[in-house]
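Undergrad: Got a predicted structure here, sequence first:
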Amino acid sequence: MRGSDYSELRAFAAVVAHGNFARAAAELRISASTLSQTIRALEARLGVRLLNRTTRSLSLTEAGQRLHGRFKPAMAEMEAAVEDAIGLRDRPAGTLRVHMPSVAAATYLEPVLGRFHEAYPDIVLDVTIDDTVTDIVAAGYDIGARLGEFLEADMVAVRLGGEQRQLAVASPDYISRRGRPETPADLLQHRCINWRRPGSAGPYAWEFARDGQWFSVAVNGPLIVSRRDMAIAAAVQGVGIAFWAEALLRPFIEAGRLVPLLEEWSGTFPGWHLCYPRQRHMPAGLRAFADFLRRAG
């Protein structure tokens, strides 16, 4: 089998696995148009149509079903043989593309970067810090972090730490000038520092819980930011009340620079997870990264 033959068949298998050209192209790290040309070249070489394609659906023809049924096990064995050979190396290596929201990165990745690269010097981490909700596979990432409530059913999830909660906080100076809110509704009478998630039209509504029931409050104030660390810096300076992850606020609280508010209204929710696509043979670098963060967390 020529190299081009294998590339065409691998492309075909990826399209079948994802049921979508965009996702398959992201996995193969080629453009969707290049992938489409590759599939057409395979069909032309074989002289049969393998896929029925419309703008909204994708399905296998009978010839496509037969080819995929025979080729898929053989391809899996070839990939396993390559992984076994790579596994003989002393250390995992290569580039790992990582997508993390800012809170997860600050909590779980930043504190251990030195130890990780000491343990795995041949792994290059290509990290994107981004609070936009992203399709990890379609965007070409190898692994990402998601809150438990946003996990997709077809992804492998590795839990990092325990449950999370968010706290409203203000500086002692702000509280001395404007008092403390006693209920979330009181926030409407306070100067609050809003956060707008990238890609969202409006600010994030602060979420609270009472007797197991969650509700949100759309607050107002003098400042709207796209980075929550700026909101915390502003809160420390007395600009207003901010709202963020307790784990990242705790150092400011313990130092007396911020005071927690409405703690009895701050419910817990499923914490952070690493997530990556299900695959029969997990690359060594991906396994090393996931295992290292799970243990560190």
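TA: Thanks, I have it. Residues are numbered from 1 along each chain as shown.
Undergrad: Tell me where the stretch 51-200 of the chain has helices.
TA: Remark: helices assigned in the stretch 51-200 of the chain by DSSP state H, counting those that start in this stretch are 62-87, 102-104, 113-119, 172-178.
Undergrad: buried stuff in the last one?
TA: So the one you mean is helix 172-178. Counting neighbours by 16 or more other Cβ atoms under 10 Å, one finds that the buried residues in helix 172-178 are 174-175. Quick note: C-beta positions are derived from backbone N, CA and C, even for glycine.
Undergrad: now swap in the longest one and tell me
TA: The neighbour-count check on helix 62-87 (16+ other Cβ under 10 Å) flags 64, 67-68 as buried.
Undergrad: I'd like the average pLDDT over it.
TA: For helix 62-87, mean pLDDT is 79.
Undergrad: try the shortest one
TA: Confidence over helix 102-104 (mean pLDDT, whole number) is 89.
Undergrad: could you say what helices and strands that helix packs with?
TA: The contact analysis (3 or more Cβ pairs under 8 Å, 6 or more residues apart in numbering; DSSP states H and E) places helix 102-104 against helix 228-236.
Undergrad: Pull the helix it packs on out as CSV, backbone CA atoms only.
TA: Extracted C-alpha coordinates of helix 228-236, given in CSV (Å, rounded to 0.1, in the frame of the first residue of the first chain):
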residue,chain,number,x,y,z
ARG,A,228,-11.8,38.5,36.3
ASP,A,229,-8.4,39.1,37.7
MET,A,230,-9.0,42.8,36.8
ALA,A,231,-12.3,42.7,38.7
ILE,A,232,-10.5,41.4,41.8
ALA,A,233,-7.8,44.1,41.5
ALA,A,234,-10.6,46.7,41.3
ALA,A,235,-12.4,45.2,44.3
VAL,A,236,-9.2,45.4,46.4
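Undergrad: what's in contact with it?
TA: 102-103, 106, 169-171, 174, 193-195, 223, 225, 240-244, 248-249, 252, 257-258 (Cβ atoms under 8 Å, 6 or more residues apart in numbering).
Undergrad: ok, back up a step: can I get the helices of the stretch 51-200 of the chain in CSV with distance to A234?
TA: Shown next, in CSV, are the helices of the stretch 51-200 of the chain (distance: least, Cβ to Cβ, whole Å):
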stretch, distance to A234
helix 62-87, 48
helix 102-104, 16
helix 113-119, 27
helix 172-178, 10
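Undergrad: can you tell me which of those helices comes nearest to L125?
TA: helix 113-119 (7.6 Å; Cβ to Cβ).
Undergrad: follow-up on the earlier one: could you say which one of the helices of the stretch 51-200 of the chain comes nearest to I129?
TA: Proximity to I129 (Cβ to Cβ) singles out helix 102-104 among the helices of the stretch 51-200 of the chain, at 5.5 Å.
Undergrad: ok, which stretches of the stretch 51-200 of the chain are strands?
TA: Using DSSP state E, counting those that start in this stretch, the strands of the stretch 51-200 of the chain run over 51-53, 58-60, 94-100, 123-129, 143-147, 155-160, 164-170, 193-195.
Undergrad: could you say what helices and strands the least confident helix or strand in the chain by mean pLDDT packs with?
TA: Sorted by mean pLDDT, DSSP states H and E, the helices and strands of the chain end with helix 62-87, the least confident at a mean of 79. In terms of contacts (3+ Cβ pairs under 8 Å, 6+ apart), helix 62-87 is packed against helix 3-18, helix 284-296.
Undergrad: change it to 7 Å
TA: The contact analysis (3 or more Cβ pairs under 7 Å, 6 or more residues apart in numbering; DSSP states H and E) places helix 62-87 against helix 3-18.
Undergrad: Residues in contact with the helix it packs on: which ones?
TA: Applying Cβ atoms under 7 Å, 6 or more residues apart in numbering, the external contacts of helix 3-18 come out as 21, 24, 27-28, 35, 38-39, 41-42, 50-51, 60, 68, 71-72, 75.
Undergrad: and the very next helix or strand once past that helix, which residues are buried?
TA: Downstream of helix 3-18, the next assigned helix or strand under DSSP states H and E is helix 21-28. In terms of neighbour count (16+ other Cβ under 10 Å), helix 21-28 has its buried residues at 21, 23-28.
Undergrad: Any chance of a markdown table for those residues, columns pLDDT and distance to G212?
TA: Output for the buried residues of helix 21-28, formatted as a markdown table (pLDDT from 0 to 100; distance: Cβ to Cβ, whole Å):
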| residue | pLDDT | distance to G212 |
| --- | --- | --- |
| F21 | 88 | 44 |
| R23 | 87 | 37 |
| A24 | 89 | 42 |
| A25 | 90 | 44 |
| A26 | 89 | 39 |
| E27 | 85 | 41 |
| L28 | 88 | 46 |
